[in-house]
Every structure is written in structure tokens, then in C-alpha cells.
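Undergrad: Need coordinates for the below:
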Amino acid sequence: MTPNHHLYAIALSMIEGVGSINAKKMIAYTGGIEEVFREKKKNLLKIPGISENMVDQIQKADTLKLAEKELNFIQKNQIRTLFYLDEEYPLRLKQCADSPIVLYIKGIADLHQEKVISMVGTRSATEYGKMCCEQIIQQLTDRNHKVLVVSGLAYGIDIAAHRAALRYKLETVAVLGHGLNMVYPAVHAPYAREIVNQGALVTEFHSQIPLDRGLFV
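TA: Have a look, this model is predicted:
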């Protein structure tokens with residue numbers, strides 16, 4: 001994706017109320033991500049589901065300024081972005097109609113890995129639950145499975161899965177409910193730094209969005 005594509009993709013993803021499905025509609029109707037921002041208002045309003053408020057936000061100069069600020073942040077912090085039409089965008093996720101149009105990634109994980117296991121669970125995990133989590137990871141390693149372990153860096157089972165993956169040298173991805181300007185919970189920041197070197201931190205959220213419990217699916 002070219003630098004301009006990065007900028008426009010980020011800008012479109014930052015507009016409140018648009019969402020990934022409407023964003024993809026606009027890209028399809030206009031022929032490209034940059035074309036969305038160049039299209040006349042009356043033509044954008046012909047697209048099903050697109051409101052006048054959405055179009056007004058797209059055509060505001062501030063929208064691209066906020067995206068430029070985000071682009072500077074990701075470049076400074078060695079974060080890469082994947083647009084949903086990029087070849088590198090995870091193929092499994094690409095099959096979802098509501099997949100994010102932009103992913104922000106910090107780390108080295110292969111998101112196309114053939115074998116992926118997602119391990120999530122209660123925040124108030126018992127010692128038995130944590131032990132079972134580790135045993136699953138250990139058995140995968142013992143059988144020489146090259147597996148990508150995905151979780152959410154939260155308390156309980158999530159962090160137990162990441163810790164076990166790190167211990168047994170499996171790639172692990174933490175999918176975050178916030179931007180890459182922070183780590184939540186903060187106590188898991190040391191694990192996040194390890195994950196960057198043995199996997200990746202992945203999010204659909206830009207760094208300027210406030211932390212909100214509603215974003216933690």
C-alpha cells in the first residue's frame with residue numbers, strides 16, 4: 001500500500017459511524033480508497049447506507065489532518081498497517097464482511113500461518129484453568145506443531161495463554177481493544193514487549209481513540 005493509501009485508509013477508518021461495511025461499500029462504488037475522498041457529495045449519498053453526516057466528515061479537512069497525525073505516530077513507533085485489500089492482510093479475516101479496513105501491527109508474527117489456535121477465557125481464572133491452558137500449549141510444542149497462539153492480553157486465561165506460548169517458543173498474537181499507544185492492563189506491559197519479539201500486537205483501533213470498555217469484545 002502506498003503512503004497515500006495508508007493516509008486515506010486511516011482517515012476513513014477514523015470517521016465515527018462509518019464502520020468497515022460502509023467503508024468497503026464506498027471503496028467499491030468509487031473504485032478506490034483515495035477516490036472516496038475525491039468523489040462529489042451527491043454521488044456518495046447515492047450509496048446505500050451512507051448518510052449526509054458521514055459524507056460531511058469525509059470531506060472535512062480535519063479528517064485528513066487527524067490521519068496525518070496517526071501516520072506520524074505509526075512511523076515513529078515502527079508500526080505497520082495493513083489495508084483489507086493488501087495481499088498481506090490475513091486471508092481468514094478477509095472472508096468476514098465486517099473485517100476492519102485497517103489493521104495496526106507491531107511485531108513479527110506471520111498472520112498467514114496455517115495453524116492458529118485462539119485461547120480466551122475468564123478474567124478470574126483458577127489455578128487449574130491456567131494449568132490446563134499451559135498443558136495444551138506444551139502438548140502442541142511436544143508434538144512439533146508450528147502454531148500461532150492468539151489471545152487478548154487480558155487477565156486470567158488470556159495472559160496465561162500468552163505466557164505459555166512465550167515459554168514454549170510459539171509465536172503469539174495479542175489482539176487489543178485499544179490503540180498501540182498503550183497497553184491495557186498496564187501490568188501486562190512486560191509481556192507485551194516480549195510478544196512484539198515473538199509474535200505481534202494487533203488492533204483495529206488508532207492511537208487517538210479513548211480507552212473504552214465497549215471496545216473490548
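Undergrad: and the residue of the chain most remote from its centre, backbone torsions?
TA: The centre of the chain is farthest from one residue, K42, which by Cα atoms, centre = their mean lies 32.1 Å away. When read as degrees, to the nearest 10, the backbone of K42 gives phi -60, psi -30.
Undergrad: So which residues of this protein form strands?
TA: 80-83, 102-107, 115-118, 147-151, 172-175, 199-203 (DSSP state E).
Undergrad: Pipe those into TSV and attach mean neighbour count and distance to A160 per row.
TA: Backbone N, C-alpha and C define where each C-beta goes, glycine included. Listed next are those as TSV, based on neighbours: other Cβ atoms under 10 Å; distance: least, Cβ to Cβ, whole Å:
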stretch	mean neighbour count	distance to A160
strand 80-83	20	28
strand 102-107	23	20
strand 115-118	14	13
strand 147-151	24	9
strand 172-175	26	11
strand 199-203	23	15
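Undergrad: want to throw those strands into TSV with mean pLDDT and distance to G49?
TA: Shown next, in TSV, are the strands of the chain (pLDDT from 0 to 100; distance: least, Cβ to Cβ, whole Å):
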stretch	mean pLDDT	distance to G49
strand 80-83	93	21
strand 102-107	96	20
strand 115-118	93	30
strand 147-151	95	31
strand 172-175	96	27
strand 199-203	97	25
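Undergrad: Just put those in CSV and tack on distance to I157.
TA: As requested, the strands of the chain are exported to CSV (distance: least, Cβ to Cβ, whole Å):
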stretch, distance to I157
strand 80-83, 27
strand 102-107, 21
strand 115-118, 11
strand 147-151, 8
strand 172-175, 13
strand 199-203, 17
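Undergrad: pLDDT below threshold where in this structure?
TA: Low-confidence segments of the chain (pLDDT under 70): 1-3, 211-217.
Undergrad: can you give me the helices for it?
TA: For the chain, the helices defined by DSSP state H cover 3-14, 19-30, 33-38, 41-44, 52-58, 61-76, 91-94, 127-142, 157-167, 189-197.
Undergrad: V120 is nearest to which of the ones you listed?
TA: Closest of these to V120 is helix 157-167, at 5.8 Å (criterion: Cβ to Cβ).
Undergrad: other SSEs contacting that closest one?
TA: The helices and strands touching helix 157-167, judged by 3 or more Cβ pairs under 8 Å, 6 or more residues apart in numbering; DSSP states H and E, are helix 127-142, strand 147-151, strand 172-175, helix 189-197.
Undergrad: what's the most buried one of those?
TA: Highest mean neighbour count among the helices and strands packed on helix 157-167 (mean count of other Cβ atoms under 10 Å): strand 172-175, with a mean of 26.
Undergrad: So what touches that one?
TA: Identification of contacts with strand 172-175 by Cβ atoms under 8 Å, 6 or more residues apart in numbering yields 107, 109, 111, 148-153, 161-162, 165-166, 192, 195, 198-203.
Undergrad: try it again with 7 Å
TA: With contacts defined as Cβ atoms under 7 Å, 6 or more residues apart in numbering, strand 172-175 is touched by 109, 148-153, 162, 165-166, 192, 195, 198-203.
Undergrad: what does stretch 92-104 give?
TA: Contacts to stretch 92-104, defined as Cβ under 7 Å, 6+ apart, come from residues 9-10, 12-13, 20-21, 23-24, 74, 79, 81-84, 180, 202-204.
Undergrad: List only those of those residues flagged as buried.
TA: The neighbour-count test (16 or more other Cβ atoms under 10 Å) marks 9-10, 12-13, 20, 23-24, 74, 79, 81-84, 180, 202-204 as buried among these.
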